[in-house]
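Undergrad: predicted structure and sequence below. I'll ask about it afterward.
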Amino acid sequence: MTTTLERPAVESPGGMLRGAARGGIANLIGTACTGVAGVGVTWLAARALDPHAAGAFFAATATFGLGVTVAKLGLQTSLVYWPARMRAVGDLSRFAECLRVALLPVALVCAFLAAGLFVAPELVPGRPDLTRALALFLPAAAFTDVLLSTTRGLRAMRPSVLLDRVMRPAAQLALLALVWAAGWGEQVFAALWALPYVPTALLAGYALRSLKSRLNVEKTDTSDFTPRRFWGFTAPRAVASFAQMALQRIDVLMVASLAGLAPAAMYAVAGRFVILGQFVNQGVSQSVQPRLAERLAVRDTAGANLLYRQSTAWVVLCCWPMYLLVFTYAPLYLSVFGEHYAGGVGVVRVLAAAMLVATACGMVDIVLAMAGRTWWNLFNVALALLVMLGVDALLIPRSGAFGASIGLAAAVLVNNLVPLAQVVRGLGLHPFGRATLLACAMATACFAVPQLLLWPLHPGLLVQIAATGAGAAVYCYAAVRFREVLVHGKR
């Protein structure tokens, strides 16, 4: 039996933020699990494998990530954007058609790429046997992201959190710990890292099927979805997604090619903390993204701006302390992974400084995409990638991993400051609300200022840690004291 789907009531600003905050908190809890597991995987790779083998593993996983990004065809954004727009106008009658239009091309591209990597793995840098081992799992990884994106487009955050944030990374960590304990080779290490994508994809499909069965789909002639409009939105986003992943992965491959596998391992280890910040940003944006698409679909600029500003404050609140601490304790951070990685202090500090700027810009690329400006997004990412490739080609042969960090930092700045200018001038939105400025000031005062005051005195590690502990206590108190401003945007 089909029941009429009423157009959703317009949320109040408070209700909108509370819903986004609940989803964001759930995602952040899952993100913490993902981050811990990701650092654990890096630690296991650094400890279980020699630097040459570890570099080969990181190069193979970088190739795998690029392949998965190509296979997804940019649909992880489209399958949030279109279901959210359908929901905003109260017409989900074309939701099933939207899925069919999206999933068949993904299946074809997955099959082509997996076969290509399996048959000709020597075409990419690194170890062909590791690339071949990972190629078998590429379709499962691509479908996991695409299916879970669709559930988020319908405001269902639980499948993403439980399956992709908790279950999969925990399984990866457990399996790699088993490899380390058993002393198996790096080929098994790579295969077991990818194996959890298979059950995750199956469970994601089940979650979407269950959610789809509960939808009311009576047509109301208000949805603007057509296959042509869908792919018109998706095509530039597909290229931009690949370029975005290339920004995150191709520098490891360039270091491996131009400087060697051991420097590539050091670069991957030194920059691992950047992924933690990206997970936080992704966790918040996944909760905000469907609501942002809904507000922009009904031309609610004030509501969209409120979401953008408050989500930026939440990301700054979580990430700035981490980046400032990693900058301060770079030698201690690298020592955790072993003595082979002590030379990466400069890499850590360059990337930490760049990520402070990027975080303050908020989810600027998502804002452009949810406003339908996917061609702008493509231009920005392509420009950033060209900057990184140019700087890397110039500096990696001379400076190795440190040169790659300069290239990535330059790309990060381009990829955030250029779209920020577009969002401000083209959409009338910006992230610098009262909550964002307060979060930046709190993190700076509690974690950066004490270390700057102590620096001329050359304090010991214990004094630095004591100052950090005191700053952290003040930071937590300030976060509670100003929670109404930071969370709800109240004055």
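TA: Perfect, thanks for sending it.
Undergrad: give me the distance between the two termini of stretch 426-446.
TA: Stretch 426-446 has an end-to-end distance of 35 Å (Cα to Cα, to the nearest Å).
Undergrad: how about that stretch: buried residues?
TA: The neighbour-count criterion (16 or more other Cβ atoms under 10 Å) identifies 427, 429-440, 442-443, 446 as the buried residues of stretch 426-446. In this view, the C-beta of every residue, glycine as well, is placed from N, C-alpha and C.
Undergrad: repeat for stretch 127-146
TA: The neighbour-count criterion (16+ other Cβ under 10 Å) identifies 127, 130-135, 137-146 as the buried residues of stretch 127-146.
Undergrad: next: stretch 258-265.
TA: Within stretch 258-265, the residues that qualify as buried by neighbour count (16+ other Cβ under 10 Å) are L258, A259, L261, A262, P263, A264, A265.
Undergrad: please apply the same query to stretch 229-238.
TA: Here stretch 229-238 shows F230, W231, F233, T234, A235, P236, R237, A238 as buried, counting by 16+ other Cβ under 10 Å.
Undergrad: tabulate the residues you listed (JSON lines), appending secondary structure.
TA: Formatted as JSON lines, those follow (DSSP: H, G, I helix; E, B strand; the rest coil):
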{"residue": "F230", "secondary structure": "helix"}
{"residue": "W231", "secondary structure": "helix"}
{"residue": "F233", "secondary structure": "helix"}
{"residue": "T234", "secondary structure": "helix"}
{"residue": "A235", "secondary structure": "helix"}
{"residue": "P236", "secondary structure": "helix"}
{"residue": "R237", "secondary structure": "helix"}
{"residue": "A238", "secondary structure": "helix"}
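Undergrad: which one of those residues sits closest to C361?
TA: Within the buried residues of stretch 229-238, the smallest distance to C361 is 19.2 Å, found for R237 (Cβ to Cβ).
Undergrad: separation between that closest one and N281?
TA: The span separating R237 from N281 equals 18 Å under the rule Cβ to Cβ, to the nearest Å.
Undergrad: likewise for A201?
TA: For A201, the distance to N281 equals 24 Å [Cβ to Cβ].
Undergrad: now R127
TA: Shown here: R127 relative to N281, a distance of 31 Å by Cβ to Cβ.
Undergrad: quick check: the two most widely separated of the buried residues of stretch 229-238?
TA: Farthest-apart pair in those is F230 and P236; separation 12.6 Å (Cβ to Cβ).
Undergrad: what's the burial count for M254?
TA: The number of residues packed near M254 is 23, by other Cβ atoms under 10 Å.
Undergrad: element containing it, please.
TA: helix 227-258 (DSSP states H and E).
Undergrad: tell me which other helices or strands that helix touches.
TA: With contacts defined as 3 or more Cβ pairs under 8 Å, 6 or more residues apart in numbering; DSSP states H and E, the secondary structure elements packing on helix 227-258 are helix 51-72, helix 75-89, helix 95-119, helix 261-270, helix 374-399, helix 401-422.
Undergrad: pick the most deeply packed of those.
TA: Each of the helices and strands packed on helix 227-258 was scored by mean neighbour count; the highest is helix 261-270, a mean of 28, by mean count of other Cβ atoms under 10 Å.
Undergrad: between helix 374-399 and that helix, find me the angle.
TA: With axes from the mean of the first three to the mean of the last three Cα atoms, to 10 degrees as the basis, helix 261-270 and helix 374-399 are set at 130 degrees to each other.
Undergrad: what packs against helix 261-270?
TA: Right, helix 261-270 is packed against helix 13-48, helix 51-72, helix 227-258, helix 345-361, helix 401-422 by 3+ Cβ pairs under 8 Å, 6+ apart.
Undergrad: which of the ones you listed has the lowest average pLDDT?
TA: Of all those, the minimum mean pLDDT falls on helix 13-48 (a mean of 73).
Undergrad: follow-up on the earlier one: so which of the helices and strands packed on helix 227-258 comes closest to P290?
TA: Evaluated over the helices and strands packed on helix 227-258, closeness to P290 peaks at helix 75-89, with 4.1 Å, by Cβ to Cβ.
Undergrad: per-residue confidence averaged over that closest one?
TA: Mean pLDDT, computed over helix 75-89, is 83.
Undergrad: stretch 145-154 now?
TA: If you average the per-residue pLDDT over stretch 145-154, you get 89.
Undergrad: what sits up against it?
TA: Counting contacts by Cβ atoms under 8 Å, 6 or more residues apart in numbering, the residues outside stretch 145-154 that touch it are 68, 72, 75-77, 79-84, 87, 99, 102-103, 106, 157, 159-160, 163-164, 201, 204-205, 207-208, 211, 215, 286, 289-290, 293.
Undergrad: that one: how far from the chain's middle?
TA: Per Cα atoms, centre = their mean, to the nearest Å, the displacement of stretch 145-154 from the mean C-alpha position of its chain is 15 Å.
Undergrad: gap between the closest residue to R158 other than its chain neighbours and Q310?
TA: The shortest distance from R158 to any residue other than its chain neighbours is 7.3 Å, reached at A26 (Cβ to Cβ, 6 or more residues apart in numbering). When distance is defined by Cβ to Cβ, A26 is 16 Å away from Q310.
Undergrad: quick check: domain ranges of this structure?
TA: Domain ranges of the chain: 13-212+224-432, 433-491, per automatic domain parsing.
Undergrad: any idea which helix or strand carries D91?
TA: Using DSSP H and E, D91 falls outside every helix and strand.
Undergrad: count residues in the vicinity of it, would you?
TA: Considering only other Cβ under 10 Å, D91 is surrounded by 21 other residues.
Undergrad: next one: it from A297, what distance?
TA: 12 Å.
Undergrad: where does the stretch 301-450 of the chain have low pLDDT?
TA: Residue ranges of the stretch 301-450 of the chain with pLDDT under 70: none are present.
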